[in-house]
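Undergrad: fold the following for me, if possible:
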Amino acid sequence: MTEIQLQNHPVVTLVSARVEMAEEIYTVVDQDREHIGQFLPFVDQTEVVQDTLTYLESQLKISEPGKELIFTIQRAGQIIGMIELHHYSAVDRRAELGYWLTKAYTKQGIMTAAAKALCDYAFQVVGLHQIIVLADVENPGSNGVIRSAGFAYLTTHPDYSYRAGTYHDMNVYYRLANE
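TA: Alright, predicted model coming up:
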């Protein structure tokens, strides 16, 4: 199990996700569906604990021992969010960063610190060269987090994500290991 302490947040850590966490993760998402689901379509597809378990199992199969790609964000041992590297390509040494945080812990710098910490880990331990983030143009919080975490804006994909019956434009950001 990998634990990463967040800078400037002494009681907040990134803890590598395990299948045993599926029920707690599901409960956290279920109790904050409106906030988390506002910009993330996975929430509507997460109807029972088994959905979370299936997702965790699929992501954990991609990870190599000691090079985890999916983490819970924990405050004093309680899960308050997740951050992960998905669409991982070992050949191209790149991945896409995804994250969510419960409403009670937003606007405290936690997600910016988590993104910075996971990027450092991904570049130094996993050996990635590039990390990409897609952020809904209508989500100022996520766009702000990712800019504060050192990502550069690349472009906007029109009608990239389909959620709640409409298409949404997505801003694309990137960060390279050598920057």
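
Undergrad: buried residues, stretch 87-99. List them.
TA: 88, 94-99 (16 or more other C-beta atoms under 10 Å). No exception for glycine: its C-beta is placed from N, CA and C like everyone else's.

Undergrad: so what's the gap between that stretch and the chain middle?
TA: Offset of stretch 87-99 from its chain centre (C-alpha atoms, centre = their mean, to the nearest Å): 12 Å.

Undergrad: swap in stretch 138-145?
TA: 13 Å.

Undergrad: rewinding a little: farthest pair in the buried residues of stretch 87-99?
TA: 94 and 99 (16.9 Å; C-beta to C-beta).

Undergrad: picking up where we left off before, a markdown table for the buried residues of stretch 87-99, including pLDDT and secondary structure?
TA: Listed next are the buried residues of stretch 87-99 as a markdown table, based on pLDDT from 0 to 100; DSSP: H, G, I helix; E, B strand; the rest coil:
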| residue | pLDDT | secondary structure |
| --- | --- | --- |
| 88 | 91 | strand |
| 94 | 96 | strand |
| 95 | 96 | strand |
| 96 | 96 | strand |
| 97 | 97 | strand |
| 98 | 94 | strand |
| 99 | 94 | strand |
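
Undergrad: looking at those, spot the one nearest residue 145.
TA: residue 99 (7.8 Å).
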